[in-house]
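[1] A predicted structure for the sequence below; I have some questions about it.
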Amino acid sequence: MALASTGLPCALTDNSSTARTRLGDLYGVWDPTNGHQVWRYVQNKSGGDYTIGLGVMQENGTDLYESGLSGAATPTVRMHGVAQHLISNGNFGFVLCDGVGSCVSDGSTTANTAQKAVANGQFSDGVIGTDELPVFALETEAPAGPGGFFKAIIRCL
């Protein structure tokens, strides 16, 4: 996998039915609001669309960067990242795998806590030393109910 800081093959928000680069390629960028970010190129094989804040993991039965929505107890090593824009089913696009971005809560996210992946690509409070914890909630107040967004440090490299 290559890590490039310039020469992106397409916009980070690309949602294409045609691959624009190799699956798994990593691209580092500087975001003026959120600082350094690393993005991974994946194909959505989930059967549904990825929307902002949903966790994305390695799909079963493939050795490629084909992905599905993260589920309960998804190991961090299996996480590809978190979608920050729409990637339609079957399409290709970038997910944020390192840096600050938006995540979706299952309704049990507490501000300033480590988060574990739960069903349907959502996140909830985790226990350090017990759970796999790919994101850390930064908000000073928790999101309102299931499906609420929270700002987080994402670490899925």
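    Sure, I can see it.
[2] And stretch 74-94, end to end?
    20 Å (Cα to Cα, to the nearest Å).
[3] Buried residues in it, which are they?
    By neighbour count on 16 or more other Cβ atoms under 10 Å, the buried set for stretch 74-94 is 74, 76, 78-85, 87, 91-94. C-betas here are computed from N, CA, C, even on glycine.
[4] ok now do the most centrally placed residue in the chain, which residues does it touch?
    Nearest to the mean C-alpha position of the chain, by Cα atoms, centre = their mean, lies residue 82 at 1.0 Å. Taking Cβ atoms under 8 Å, 6 or more residues apart in numbering, we find residue 82 in contact with 53-56, 95-97, 101-103, 135, 152, 154, 156.
[5] got a list of contacts for the helix or strand residue 41 falls within?
    Residue 41 belongs to strand 35-44 when assigned by DSSP states H and E. For strand 35-44, the external contacting residues (Cβ under 8 Å, 6+ apart) are 3, 12, 19-31, 50, 56, 64-67, 80-81, 87-101, 156-157.
[6] Any stretches of this protein with poor pLDDT?
    Applying pLDDT under 70 to the chain flags residues 1-6, 140-142, 144.
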